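J.: generate a structure from the sequence data that follows.
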Amino acid sequence: MSATPTLSQRFAAEVVGTFIFVFVGAGSAVASSLLGASDGTALLIGAFGNGLGLAIGISTTMSVSGGALNPAVTIGLWVGKKLPGKDVIPYIVAEVVGATLASMLLVVVTPFDIGKAVGWGAPSLSSSINVGQGIVFELAMTFFLVMTVYGTIVDERAPKIAGLGVGFIVIADVLVGGPFTGAAMNPARAIGPMLAGLVGIGFPSDWYIYWVGPIIGGILAGLIYHYALETKKS
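T.: All right, here's what the predicted structure looks like:
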(Lines give C-alpha, C1' and ligand atoms only; values in the text may rest on other atoms or scores of the structure.)
Protein backbone atom coordinates (compact mmCIF):
# COMPACT_ATOMS: atom_id res chain seq x y z
CA MET A 1 0.00 0.00 0.00
CA SER A 2 1.28 3.46 -0.89
CA ALA A 3 2.65 5.47 2.03
CA THR A 4 1.11 8.63 0.61
CA PRO A 5 -2.68 8.62 0.16
CA THR A 6 -3.92 9.63 -3.27
CA LEU A 7 -6.07 12.72 -3.76
CA SER A 8 -9.14 10.53 -4.25
CA GLN A 9 -8.44 8.80 -0.93
CA ARG A 10 -8.00 12.14 0.82
CA PHE A 11 -11.20 13.43 -0.80
CA ALA A 12 -13.08 10.37 0.45
CA ALA A 13 -11.63 10.82 3.94
CA GLU A 14 -12.75 14.45 4.06
CA VAL A 15 -16.27 13.43 2.97
CA VAL A 16 -16.47 10.68 5.59
CA GLY A 17 -14.94 12.71 8.41
CA THR A 18 -17.16 15.72 7.79
CA PHE A 19 -20.16 13.41 7.51
CA ILE A 20 -19.41 11.96 10.96
CA PHE A 21 -18.91 15.40 12.48
CA VAL A 22 -22.04 17.00 11.04
CA PHE A 23 -24.30 14.01 11.65
CA VAL A 24 -23.33 14.00 15.33
CA GLY A 25 -23.12 17.79 15.73
CA ALA A 26 -26.29 18.75 13.88
CA GLY A 27 -27.99 15.59 15.13
CA SER A 28 -27.41 16.70 18.72
CA ALA A 29 -29.54 19.79 18.03
CA VAL A 30 -32.34 17.64 16.62
CA ALA A 31 -32.10 15.30 19.62
CA SER A 32 -32.33 18.29 21.98
CA SER A 33 -35.47 19.39 20.17
CA LEU A 34 -37.02 15.94 20.53
CA LEU A 35 -36.25 15.90 24.26
CA GLY A 36 -37.70 19.36 24.75
CA ALA A 37 -34.45 20.44 26.39
CA SER A 38 -34.20 23.84 28.06
CA ASP A 39 -31.94 26.43 26.43
CA GLY A 40 -29.13 25.73 28.88
CA THR A 41 -29.36 21.97 28.48
CA ALA A 42 -29.56 22.28 24.70
CA LEU A 43 -26.40 24.40 24.77
CA LEU A 44 -24.53 21.75 26.72
CA ILE A 45 -25.78 18.97 24.43
CA GLY A 46 -24.78 20.99 21.37
CA ALA A 47 -21.36 21.82 22.75
CA PHE A 48 -20.49 18.23 23.57
CA GLY A 49 -22.19 16.84 20.46
CA ASN A 50 -20.18 19.07 18.14
CA GLY A 51 -16.94 18.75 20.10
CA LEU A 52 -17.03 14.98 20.38
CA GLY A 53 -18.28 14.56 16.81
CA LEU A 54 -15.38 16.61 15.48
CA ALA A 55 -12.83 14.85 17.70
CA ILE A 56 -14.01 11.49 16.35
CA GLY A 57 -14.12 12.70 12.75
CA ILE A 58 -10.59 14.12 12.92
CA SER A 59 -9.15 11.10 14.72
CA THR A 60 -10.69 8.80 12.11
CA THR A 61 -9.32 10.63 9.07
CA MET A 62 -6.17 12.51 10.11
CA SER A 63 -3.86 9.69 8.97
CA VAL A 64 -5.34 9.90 5.46
CA SER A 65 -6.27 13.53 4.77
CA GLY A 66 -5.07 15.34 7.87
CA GLY A 67 -8.63 15.59 9.15
CA ALA A 68 -9.33 19.18 8.08
CA LEU A 69 -13.12 18.67 7.83
CA ASN A 70 -13.67 22.42 7.56
CA PRO A 71 -13.10 24.87 4.66
CA ALA A 72 -11.72 27.45 7.11
CA VAL A 73 -9.20 24.92 8.45
CA THR A 74 -8.33 23.85 4.91
CA ILE A 75 -7.59 27.45 3.91
CA GLY A 76 -5.77 28.05 7.19
CA LEU A 77 -3.52 25.05 6.48
CA TRP A 78 -2.89 26.29 2.96
CA VAL A 79 -1.80 29.80 3.99
CA GLY A 80 0.42 28.21 6.64
CA LYS A 81 2.07 26.11 3.92
CA LYS A 82 0.78 22.82 5.28
CA LEU A 83 -1.54 21.94 2.38
CA PRO A 84 -0.80 22.19 -1.35
CA GLY A 85 -2.86 24.77 -3.22
CA LYS A 86 -4.10 22.10 -5.64
CA ASP A 87 -5.82 20.30 -2.74
CA VAL A 88 -7.78 23.30 -1.42
CA ILE A 89 -10.78 23.19 -3.76
CA PRO A 90 -11.13 19.37 -3.67
CA TYR A 91 -11.00 19.45 0.13
CA ILE A 92 -13.64 22.19 0.37
CA VAL A 93 -15.91 20.38 -2.09
CA ALA A 94 -15.50 17.14 -0.12
CA GLU A 95 -16.30 18.89 3.16
CA VAL A 96 -19.45 20.52 1.79
CA VAL A 97 -20.55 17.20 0.24
CA GLY A 98 -20.01 15.34 3.52
CA ALA A 99 -21.89 17.96 5.53
CA THR A 100 -24.79 18.03 3.07
CA LEU A 101 -25.12 14.25 2.94
CA ALA A 102 -25.12 14.05 6.74
CA SER A 103 -27.80 16.73 6.96
CA MET A 104 -29.93 15.04 4.31
CA LEU A 105 -29.71 11.79 6.25
CA LEU A 106 -30.95 13.62 9.36
CA VAL A 107 -33.92 14.89 7.37
CA VAL A 108 -34.72 11.33 6.34
CA VAL A 109 -34.33 9.57 9.69
CA THR A 110 -35.69 12.12 12.19
CA PRO A 111 -39.22 13.51 12.69
CA PHE A 112 -39.72 16.39 10.25
CA ASP A 113 -41.34 18.82 12.69
CA ILE A 114 -38.66 18.17 15.31
CA GLY A 115 -35.82 18.80 12.87
CA LYS A 116 -37.54 21.79 11.30
CA ALA A 117 -37.88 23.44 14.73
CA VAL A 118 -34.08 23.70 15.01
CA GLY A 119 -33.32 24.16 11.32
CA TRP A 120 -31.78 20.67 11.16
CA GLY A 121 -28.96 21.93 13.35
CA ALA A 122 -28.06 24.94 11.18
CA PRO A 123 -26.52 27.90 13.06
CA SER A 124 -28.50 31.11 13.29
CA LEU A 125 -27.77 34.67 14.34
CA SER A 126 -29.29 35.86 17.60
CA SER A 127 -31.48 38.96 17.41
CA SER A 128 -29.37 40.37 20.26
CA ILE A 129 -26.39 41.04 17.95
CA ASN A 130 -25.98 42.42 14.44
CA VAL A 131 -24.37 40.91 11.35
CA GLY A 132 -21.02 42.59 11.93
CA GLN A 133 -20.84 41.28 15.47
CA GLY A 134 -21.79 37.84 14.23
CA ILE A 135 -18.97 37.84 11.68
CA VAL A 136 -16.44 38.90 14.32
CA PHE A 137 -17.74 36.25 16.72
CA GLU A 138 -17.30 33.53 14.09
CA LEU A 139 -13.91 34.96 13.11
CA ALA A 140 -12.62 34.84 16.70
CA MET A 141 -13.95 31.37 17.46
CA THR A 142 -12.53 29.96 14.22
CA PHE A 143 -9.21 31.64 14.94
CA PHE A 144 -9.06 29.74 18.24
CA LEU A 145 -10.07 26.53 16.46
CA VAL A 146 -7.41 26.74 13.74
CA MET A 147 -4.73 27.75 16.23
CA THR A 148 -5.64 24.63 18.19
CA VAL A 149 -5.42 22.50 15.04
CA TYR A 150 -1.90 23.79 14.50
CA GLY A 151 -0.87 23.51 18.14
CA THR A 152 -2.24 20.03 18.83
CA ILE A 153 -2.07 18.28 15.45
CA VAL A 154 0.01 20.03 12.78
CA ASP A 155 3.06 21.17 14.74
CA GLU A 156 5.74 18.49 14.97
CA ARG A 157 6.02 19.33 18.67
CA ALA A 158 2.30 18.71 19.21
CA PRO A 159 1.11 16.22 21.84
CA LYS A 160 -0.13 12.97 20.34
CA ILE A 161 -3.80 13.37 21.26
CA ALA A 162 -5.37 13.05 17.79
CA GLY A 163 -8.49 15.22 17.52
CA LEU A 164 -9.15 15.55 21.26
CA GLY A 165 -7.70 19.03 21.65
CA VAL A 166 -9.70 20.35 18.71
CA GLY A 167 -12.85 18.79 20.14
CA PHE A 168 -12.22 20.61 23.41
CA ILE A 169 -11.89 24.04 21.77
CA VAL A 170 -15.13 23.42 19.90
CA ILE A 171 -16.88 22.62 23.18
CA ALA A 172 -15.49 25.82 24.70
CA ASP A 173 -16.40 27.95 21.67
CA VAL A 174 -19.95 26.63 21.56
CA LEU A 175 -20.45 27.32 25.27
CA VAL A 176 -19.43 30.95 24.66
CA GLY A 177 -20.71 31.69 21.17
CA GLY A 178 -23.54 29.22 20.72
CA PRO A 179 -26.26 31.54 22.04
CA PHE A 180 -25.09 34.36 19.73
CA THR A 181 -24.26 32.76 16.36
CA GLY A 182 -24.72 29.04 16.82
CA ALA A 183 -20.90 28.77 16.87
CA ALA A 184 -20.46 27.05 13.51
CA MET A 185 -16.76 27.94 13.01
CA ASN A 186 -17.05 25.93 9.82
CA PRO A 187 -18.71 26.92 6.52
CA ALA A 188 -19.49 23.28 5.70
CA ARG A 189 -21.06 22.66 9.12
CA ALA A 190 -23.30 25.66 8.45
CA ILE A 191 -24.18 25.14 4.80
CA GLY A 192 -25.03 21.42 5.03
CA PRO A 193 -28.02 21.84 7.37
CA MET A 194 -29.00 25.05 5.54
CA LEU A 195 -29.26 23.12 2.28
CA ALA A 196 -31.20 20.37 4.03
CA GLY A 197 -33.47 23.08 5.43
CA LEU A 198 -34.57 24.02 1.92
CA VAL A 199 -37.16 21.32 2.57
CA GLY A 200 -39.69 23.20 4.63
CA ILE A 201 -37.88 26.27 6.00
CA GLY A 202 -36.03 27.88 3.10
CA PHE A 203 -32.49 29.26 2.93
CA PRO A 204 -31.40 31.85 5.54
CA SER A 205 -30.43 35.33 4.38
CA ASP A 206 -27.45 35.54 6.76
CA TRP A 207 -25.68 32.44 5.42
CA TYR A 208 -22.60 34.43 4.40
CA ILE A 209 -21.72 35.15 8.04
CA TYR A 210 -20.65 31.53 8.35
CA TRP A 211 -18.26 31.80 5.40
CA VAL A 212 -16.78 35.27 5.84
CA GLY A 213 -16.01 35.09 9.57
CA PRO A 214 -14.56 31.57 9.68
CA ILE A 215 -12.43 31.95 6.55
CA ILE A 216 -10.86 35.20 7.78
CA GLY A 217 -10.27 33.61 11.19
CA GLY A 218 -8.67 30.56 9.58
CA ILE A 219 -6.37 32.70 7.41
CA LEU A 220 -5.23 34.80 10.37
CA ALA A 221 -4.53 31.73 12.48
CA GLY A 222 -2.58 30.00 9.71
CA LEU A 223 -0.44 33.05 9.05
CA ILE A 224 0.24 33.80 12.71
CA TYR A 225 1.10 30.24 13.64
CA HIS A 226 3.34 29.71 10.62
CA TYR A 227 5.24 32.98 10.80
CA ALA A 228 5.26 33.69 14.55
CA LEU A 229 4.99 30.43 16.48
CA GLU A 230 6.28 27.61 14.34
CA THR A 231 9.90 26.50 14.71
CA LYS A 232 11.61 26.82 11.35
CA LYS A 233 13.92 24.05 10.21
CA SER A 234 17.49 25.19 9.63
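
J.: next, the contact list for residue 124, please.
T.: Residue 124 sits next to 181, 182, 204, 206 when contact means CB atoms under 8 Å, 6 or more residues apart in numbering. Placement of C-beta: from N, CA and C, glycine included.

J.: with residue 81 instead?
T.: residue 226.

J.: cool, and residue 197?
T.: Contacts of residue 197 (CB under 8 Å, 6+ apart): 116, 119, 120, 122, 203, 204.

J.: repeat the analysis, applying 6 Å as the threshold.
T.: By CB atoms under 6 Å, 6 or more residues apart in numbering, the contact list for residue 197 reads 119, 120, 122.

J.: just residue 209 next, same as before
T.: 134, 135.

J.: once you drop chain neighbours, what's closest to the residue most central in space within the chain?
T.: For the chain, residue 186 is the residue whose C-alpha lies nearest the centre (CA atoms, centre = their mean; 3.7 Å). Leaving out its chain neighbours, the residue that sits closest to residue 186 by CB to CB, 6 or more residues apart in numbering is residue 70, at 4.2 Å.

J.: just to revisit the earlier point, can you tell me which of the contacts of residue 197 has the most neighbours?
T.: residue 120 (31 neighbours; other CB atoms under 10 Å).

J.: what sits against the residue nearest to it when sequence neighbours are not counted?
T.: Using CB to CB, 6+ apart and skipping the chain neighbours, the partner closest in space to residue 120 is residue 193 (4.2 Å). Residue 193 makes contact with 26, 103, 120, 121, 122 under the criterion CB under 6 Å, 6+ apart.

J.: does the third one touch residue 196 like I think?
T.: Yes. Residue 120 sits in contact with residue 196 when judged by CB atoms under 6 Å, with a separation of 4.7 Å.

J.: list the residues that contact both of these two?
T.: What both residue 120 and residue 196 touch, as defined by CB under 6 Å, 6+ apart, is the set residue 103.

J.: hmm, back to that, go through the contacts of residue 124 and flag which are in helices.
T.: When DSSP state H is applied, those are split such that residue 181 fall in helices.
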